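Q: make a model of this:
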Amino acid sequence: MRRFTQKHHKEDTEINLTPMLDVVFIMLIFFIVTTSFIKETGIDVNRPSAKSTQSKAQANILIAIKNNDEIWIDKRMVDIRSVRANIERLKASNANNSVVIQSDQAAKTGTLVKVMDQIRLAGIFAISISTLETN
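A: Sure thing, here's the model as predicted:
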């Protein structure tokens, strides 16, 4: 009688990474889409505190005024004469136009008023001043 020998076939023991890469890619897309990006002025400002502080959801344009009256827009220092032109440029790229000014408590009130005037001359009237909340 003839003896039948079974040949042992080696099974593929490789791990297929394609489904895992698909899941990781989908998760990456999900996190990118759901992330909210926070706009910053590029400098730290010692804001004054107020008891009547209200939270604002989001502002399209942020302006910072340092304690030495330097004006910062989009992480760069600008002169008071170019505030209006910068605001008009940013206004054209945003549908919902509102401005938040982060003024240092040691900055001159005159600089704040001049910045607000330039914003209004650029056609934006929704202006807020950022403060810290006190209890």
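Q: next, count neighbours for residue 69.
A: Here the count is done by other C-beta atoms under 10 Å, and residue 69 has 17 residues near it. Where C-beta positions appear, they are placed from N, C-alpha and C, glycine not excepted.
Q: need the strands for the chain, in chain order.
A: Taking DSSP state E, the strands of the chain run over residues 49-50, 61-65, 71-73, 76-78, 99-103, 127-129, 132-133.
Q: can you list the ones you listed in CSV and add mean pLDDT and distance to residue 118?
A: Listed next are the strands of the chain as CSV, based on pLDDT from 0 to 100; distance: least, C-beta to C-beta, whole Å:
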stretch, mean pLDDT, distance to residue 118
strand 49-50, 66, 24
strand 61-65, 88, 9
strand 71-73, 91, 9
strand 76-78, 90, 10
strand 99-103, 87, 10
strand 127-129, 85, 11
strand 132-133, 73, 25
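Q: tabulate these (TSV), appending distance to residue 28 and mean neighbour count.
A: Formatted as TSV, these follow (distance: least, C-beta to C-beta, whole Å; neighbours: other C-beta atoms under 10 Å):
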stretch	distance to residue 28	mean neighbour count
strand 49-50	40	12
strand 61-65	28	24
strand 71-73	32	22
strand 76-78	31	13
strand 99-103	31	23
strand 127-129	35	15
strand 132-133	36	11
